[in-house]
Each structure stands twice: as structure tokens, then as C-alpha cells.
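Asker: Quick one: sequence and predicted model below, then my questions.
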There are 2 protein chains.
Amino acid sequence: MSTLQNDTLIRALTRQPTPYTPVWLMRQAGRYLPEYNDARRRAGSFLALCKTPSLATEVTLQPLERFRLDAAILFSDILTIPDAMGLGLYFADGEGPRLERPLRDEASIARLAVPDPAEDLRYVGDAVAEIRRALAGRVPLIGFAGSPYTLACYMVEGGASEDWRTVKAMLYKRPDLLHRLLETNSRAVSALLNAQIEAGAQVTMIFDTWGGSLPAAAYREFSLAYMEKVLSRLKRGEGSARVPVIVFTKGGAPWLEQIAAIGCDCVGLDWSPDLGEARQRIGKRVALQGNLDPMVLLASPEEVRRETEKVLESYGSGAGHVFNLGHGVPQLAQPENVEALVAAVHELSPKFHR
Amino acid sequence: MSTLQNDTLIRALTRQPTPYTPVWLMRQAGRYLPEYNDARRRAGSFLALCKTPSLATEVTLQPLERFRLDAAILFSDILTIPDAMGLGLYFADGEGPRLERPLRDEASIARLAVPDPAEDLRYVGDAVAEIRRALAGRVPLIGFAGSPYTLACYMVEGGASEDWRTVKAMLYKRPDLLHRLLETNSRAVSALLNAQIEAGAQVTMIFDTWGGSLPAAAYREFSLAYMEKVLSRLKRGEGSARVPVIVFTKGGAPWLEQIAAIGCDCVGLDWSPDLGEARQRIGKRVALQGNLDPMVLLASPEEVRRETEKVLESYGSGAGHVFNLGHGVPQLAQPENVEALVAAVHELSPKFHR
């Protein structure tokens, strides 16, 4: 594989000095880009994009053609795992992901098997390998998976929920069942992440989108503990080939110290905590990623630049910050605003690295 | 007015010793109670319940007939203020509140007037007075209003939103406009709360349901600062007649110290922070209210009792805790579970007050 020409992200994730703050954006390949919508139309569906390595490669690279981003992130979906487990992933129009066969009883949870990444999720590893070839060392490629608890949310509920009543009812009524499901999920997640690493992913990220809906003690028991298990099973490599791990719990601001303690290199922050305060709390142990409010991208380029500068100032001087949004790029974002964001990070951040 | 026979809530809110932990529940009068649904049917609509003092009194008292609660809370809605401002509140079936005429431009925000509580919101004060008479001093009556920012969310967006894109776009593009709206809202909120206090409300609570959707700095500037203004204008009274104030920001766990500093007596917690840690952070300055996960009420009475005990243990010994959920009683809660919760607090809490 090609040598990495831009290792700014890797260095920042391991808190080594960099000449500027590296920047990439969650959901940087997505519906705000006309060329993405074009590829999706050609593919026929979102899922076909994920499952066709050449198309996944095409859309993964699209934002890199437009913006000076310091990383590519595999185009995929966290629900490919439940899909490979046979739960039947589909996307209802404008309604987000749904599973045809949600898990509601002991029997269906008991018979759940860990998918073999080389078989049922082969398209993921193939996409990683193809993207690495296409990138030719330009920037590192980030692989990812959902957290065991976040996957369980969808697998039990059948889709997104305002209050996650079904999975929470299971948590309080049958914690043993939920633990069993989480154990299976954690094995599936670590297997998939290891397959991505083997195929060439140079950074790994766990998206715990819904762990923040839990009370503190339940978060530790049902989400954090299983992410820790995933991390303990990762084949991260050693020395300069070691793969840094980012853990992102949306709504996780109350628990940053605990997240920083599970063995990750970097903690992802949504937009709610003050970045400077978060750095005081955990910045000596881990790098921090985030935390611009995605809705800033609905304003003007000047306002985007101003808010970007505030985030850089909030982190302050020194290594260990990866610029990102606090969540994904909104569908209604103007590409010129994303351009303004990326340009502002490159232009304004060097002074924090002298 | 009658003397208060049960002042446990008032004492806990002012961190004086009590023989047990007082308990009330957000949305304790609501759709989980068959008698509530019956009254709503008779009224014809939710809004008619709010606007008819005799019906508001009836439903306010319903949960007190069933459960040994230590407070009544005025049956009303935070959106009565935008309704009185002429924005046209209505409830689409199963979709939550909507406003017919959301505020989207400078002119509509400029011409917004602060409603006179004695005129446009007279039904609120009338309900407070009638409930006080009906309570006859049994327990204190809590009055409430939405926070200026939470009202602005609905007033700009026109209804609830996953990402509050419209109000946030205004925040980043036209902060001056949003500030103008928030100033008007803060005057309307303090006027309504003062009218409730004058009519007999013995405790006041500000519901900042959506302040938690903001980044830290924006929360301080656009939500917290205006709640502080509301508090500064409240006629709270003095000595034993002083009206304690509870401030509740859902999702406010990252900012507890700042919330505790705006002059409230008690900080309401959702279910995400650990209650014991929250007490360490701010428990010397304010009382704490919360923070059982409402979804516990979907489990069995035994499980409700166990989780209730965990919350009591998390706060530990001593004054200053008001037991509550971290958000409202869910519609699907079984009344027997609410019964189990209230009974468990009364039975298990005295040992923490010796």
C-alpha cells in the first residue's frame, strides 16, 4: 500500500505536533453534494451505494475532490451489521432506517449469530481496499462501526425513536436479554472493525449515536462497557502502523472522563460541551474531535468562518485537536459553507500550532 | 388562603430538613390516567382543558386522588404564551403542538407584544386560584412557564423539530433578531409567572426543554441569560412566603454549575447525570430535582421500586432532594407503576433523613 502523504490526522489523534489542525466532517459524503445525489440515483438506493464497492469508493472520494479535507471516511452505514444478521434493513422514504424483523423476544436474540465479515459483509472490506487504492496515500482512510448499544437500539426498536421505549423497557425488564444481545453485537462490531483494519483502514471510529439517551449508570453498564470490549478485541497494530481509535457518544458530555478511560485515542464531542472545558477534563489523556454545531452550515460563509474560529480558540494552542462538526453535515448545508469551514480551519489554525 | 398542611416540598427546595424525600412527577396529570382522558374528551380538546379553569382544576387534582404526591402542578401548557401573542396554537393529531403563524421575519418579531396576563391569559390565573381553593392547603401548588428560548424554538420553527434548523439558522444569521424575540419572551414569561404567584402559586418552575440543543456558549447567551432575566423580575416574596424557583434544562448536564448560579433555588435534572455527582457539583448551592428515567415506568412495579431506590441512594443522606422523573410521565406508563414509585419514595426515603 502507498505511503501516507498527509498524516496530520494520525498525528493529531496521537497528540503529536502538527503544523495545523486537521479537519474532516462526519457525513462529509452525503446528500448536500449534488454529485452524491447523482451517484445515489445511478445506484438506485442508499443501500446499493453501500454494497457496491466501486460506488462506495466514488462517493467516499467526492468531498475530497472539492475540499481540502485531511481524511476520507468509508462510505457505509452502521446498520450493515444488523442487515448481515438477517434483520432486513430498508429505508422508508424520508423516514430513516428501518429493520423488517426487530428483536423482541428471547428466542430471536438467542439465535442471533455474529456475521462473518469475509462472507456476509465482504462488500465492506472490498470497499475499504478499493478506496485505499483510489486514495493512493493522499490522506488516511477512517473505518467505522456503530456501538453495540446503538445497534441494539435499532435492532430492538425497529427504527429510530424519540424515547427508545422498547429497548429501554427491555433494559429495565430483561437486562439479561439486552446483555446477551450486546455481547453478540460487540463481537460483530470488533470483527467488522478488524476486517476493515485488515483491508486498509488507518483509523477506526465507533459511533455511539444513542448511548446518550441512557441514564449515567445504564450508560456505563450497557453502552460504555461494550465499547470497551470492542476496543479490547481490536487488532490495532503497533508502532507507526498502529490504528488510532475514536469513540463518539452523542450526548456523552456528562461522562467524558469515563469515555476517555476505555482505551481510545480520541473522544468525539457533539456540540454541547465547551471544547476548552472538555480539554481541561480529559485533554491530557486523549485527543478531542469536534465540536462545531452542524446547523452553523445553514448560515453564511462569513458566519461559518466566525464560528469555526471560535471552536479553534476554544481548544487553544497545542496538539490533540481534530476539527469536525458535533454531528453529521446536514442535508441542507450549502457546499460553499463546507468550503468556508475547511478553508477557515486551514487558514486560521496554524497560529495555534507554533 | 389556607395554611399549608404539607410543606415538605417547600422545605426540600430550600434545603431545610424533611422527614422524607418529597415527590411529584412532571406531567403527573396526563394521558396515562383514564380519568384524564375522560376529562379531555368532555373538554373536547387539550387546549380547552387548559383554558377552562374548572377543568384544569379537575385534572390538576386527579393524580393527588390516586397517589401520595407532595405537590400539585398547574395543568397548563408552555405554549399558552405564544398562543396569547396571536401565533395560533393548535394540536395536530398525534403530532404535538404546532403554531399557525410562526415568526420568520423582522417585522413579525418587531410587532410581537407581551400579553397582559390579566387579559389574554386570564384563564391561567383563574385556574391557579381555583386549584388553590380546591387544594385547601393539602400540598403546595407549582406554577410554571417555558423558558424564553424554548418558547422561541416553537415560535420560529412552528412546532417541534429534530434539529431546530430554523431557529438555529436565525441564531447564527440574525442573532439580533433572536435576541429581540427572547427579550419579549422573557418579559412575557416573568409577567405570567408573577400573575401565577399573585393568584396563589407557591413554587415556580421554568421548563427549558430545548436549551439543551444549543452549544455551550450559545446556551449561555440565548437561553440561560434570559432565564436569569426572568428570575430577576420575579416577585418572589419574602420570609416564609418566599416562592422557591426550579430551573430545568433538559440536556443541561454539562452546564449545571452555570444553571445553579442564576439565582434559582433548585436545579431540575434529566436522567442523564448521576445524581450523586450532580450533588457534588452544585448541591451546596441549590436543591436538586429528579432524575429517574421516565422509561422505568414501562417496567414492572418491582423494577420501578428498585430503580427508585437507586436514585435515592445516589443522592444519599441529607436535605435538598426533590424526587421526580428526568422528564414527563410517558403516555404508556401504567398507573400501578406510578403508584409503586410514589410508595417507594415514601417508604424508602426516611432513612436518608435521620
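Answerer: Right, received. Where do you want to start?
Asker: Pull up the gap between the spatially most central residue of chain A and chain B, please.
Answerer: By CA atoms, centre = their mean, chain A has its centre lying nearest to A:F207, at 4.4 Å. According to CB to the nearest CB, to the nearest Å, A:F207 and chain B sit 17 Å apart. Using the backbone N, CA and C atoms, a C-beta is placed for each residue, glycine as well.
Asker: And A:L182, by the same measure?
Answerer: In this view, A:L182 and chain B are 17 Å apart by CB to the nearest CB.
Asker: Pull up the pairing partners for the lowest-mean-pLDDT helix or strand in chain A, direction included.
Answerer: Averaged element by element with mean pLDDT, DSSP states H and E, chain A has its least confident helix or strand at strand A:89-92 (a mean of 89). With DSSP bridges as the test, strand A:89-92 is paired with strand A:96-99 (antiparallel).
Asker: And the next helix or strand past the strand it pairs with?
Answerer: Next along the chain after strand A:96-99, taking DSSP states H and E as the criterion, comes helix A:106-110.
Asker: Report the mean per-residue pLDDT for that next one.
Answerer: Taken as a whole, helix A:106-110 has an average pLDDT of 96.
Asker: roughly how far out does it sit from the chain middle?
Answerer: Taking CA atoms, centre = their mean, to the nearest Å, one finds helix A:106-110 lying 28 Å from the centre of the chain it belongs to.
Asker: what's the single longest helix in chain A?
Answerer: Across chain A, the longest stretch assigned as helix under DSSP state H is helix A:175-199.
Asker: quick one: buried residues of that helix?
Answerer: By neighbour count on 16 or more other CB atoms under 10 Å in any protein chain shown, the buried set for helix A:175-199 is A:177-179, A:181-182, A:184-197, A:199.
Asker: ok so A:F248 is a strand residue?
Answerer: Yes. Applying DSSP: H, G, I helix; E, B strand; the rest coil, one finds A:F248 inside a strand.
Asker: so where's the stretch 201-350 of chain A uncertain?
Answerer: Counting by pLDDT under 70, the stretch 201-350 of chain A shows no low-confidence range.
Asker: hang on, the earlier thing: quick check: what element follows the longest helix of chain A along the chain?
Answerer: Moving toward the C-terminus from helix A:175-199, the next helix or strand (DSSP H and E) is strand A:203-208.
Asker: I'd like the next helix or strand past that next one.
Answerer: helix A:216-218.
Asker: and that following helix, anywhere near chain B?
Answerer: Yes. Counting by CB under 8 Å from any CB of the partner chain, chain B is contacted by helix A:216-218 at A:216-218.
Asker: re earlier: I figured the residue nearest to the centre of chain A hits A:L151, correct?
Answerer: No. At 9.8 Å, A:F207 and A:L151 do not qualify as touching, with contact defined as CB atoms under 8 Å.
Asker: so what sits against both of the two?
Answerer: By the contact definition CB atoms under 8 Å, 6 or more residues apart in numbering or on different chains, A:F207 and A:L151 are jointly contacted by A:I78.
Asker: tell me which parts of the stretch 151-300 of chain A are close to chain B?
Answerer: Neighbours of chain B within the stretch 151-300 of chain A, by CB under 8 Å from any CB: A:163-165, A:168-169, A:171-173, A:212, A:214-219, A:251, A:253-254, A:271-274, A:277, A:291, A:293-296, A:298-300.
Asker: Could you report the separation of the residue nearest to A:I197 when sequence neighbours are not counted from A:D208?
Answerer: Nearest non-adjacent residue to A:I197, counting by CB to CB, 6 or more residues apart in numbering or on different chains: A:V243, 5.4 Å away. Per CB to CB, to the nearest Å, A:V243 is found 18 Å from A:D208.
Asker: between those two, which one's more packed in?
Answerer: Neighbours per residue, other CB atoms under 10 Å in any protein chain shown: of A:V243 and A:D208, the larger number sits with A:D208, 28 against 23.
Asker: residues contacting that one?
Answerer: Neighbouring residues of A:D208 by CB under 8 Å, 6+ apart: A:146-147, A:149-150, A:223, A:227, A:247-250, A:252.
Asker: Would you map the strands across chain A?
Answerer: Ranges of strands in chain A, per DSSP state E, are A:72-73, A:89-92, A:96-99, A:141-146, A:203-208, A:245-249, A:266-268, A:287-292, A:321-325.
Asker: got the contact list for the first one?
Answerer: Right, strand A:72-73. A:24, A:26, A:28-29, A:60-61, A:64, A:131, A:135, A:138-142, A:144, A:205.
Asker: Also stretch A:33-49?
Answerer: Contacts for stretch A:33-49 (CB under 8 Å, 6+ apart): A:29-31, A:52, A:55-56, A:58-59, A:62-63, A:66, A:75, A:77, A:83, A:89-91, A:335.
Asker: thinking again about what came up before, what residues are bridge-paired with the residue nearest to the centre of chain A?
Answerer: With DSSP bridges as the criterion, A:F207 is bridged to A:G146, A:F248.
Asker: any idea how far A:V189 is from it?
Answerer: A:F207 sits 10 Å away from A:V189, going by CB to CB.
Asker: Equivalent analysis for A:W24, please.
Answerer: 21 Å.
Asker: Could you do A:R104 as well?
Answerer: 22 Å.
Asker: do the same with A:F323
Answerer: For A:F323, the distance to A:V189 equals 26 Å [CB to CB].
Asker: repeat for A:F222
Answerer: Using CB to CB, we find A:F222 at a distance of 14 Å from A:V189.
Asker: How about A:I246?
Answerer: Distance from A:I246 to A:V189, counting by CB to CB: 14 Å.
Asker: do the same with A:L69
Answerer: Taking CB to CB as the measure, A:L69 falls 25 Å from A:V189.
Asker: now swap in A:I81 and tell me
Answerer: Counting by CB to CB, the separation of A:I81 from A:V189 is 7 Å.
Asker: intersection of neighbour lists for these two?
Answerer: Joint contacts of A:I81 and A:V189 (CB under 8 Å, 6+ apart) are A:145-146, A:151.
Asker: Among those, pick out the one closest to A:R236, please.
Answerer: Taking CB to CB as the measure, A:R236 lies nearest A:A145 of the shared contacts of A:I81 and A:V189, at 14.3 Å.
Asker: Drop anything exposed from the residues of helix A:216-218 next to chain B.
Answerer: Buried among those by 16+ other CB under 10 Å: A:216, A:218.
Asker: Looking at the residues of helix A:216-218 next to chain B, which is nearest chain B?
Answerer: Comparing the residues of helix A:216-218 next to chain B against chain B with CB to the nearest CB places A:A216 closest, at 3.9 Å.
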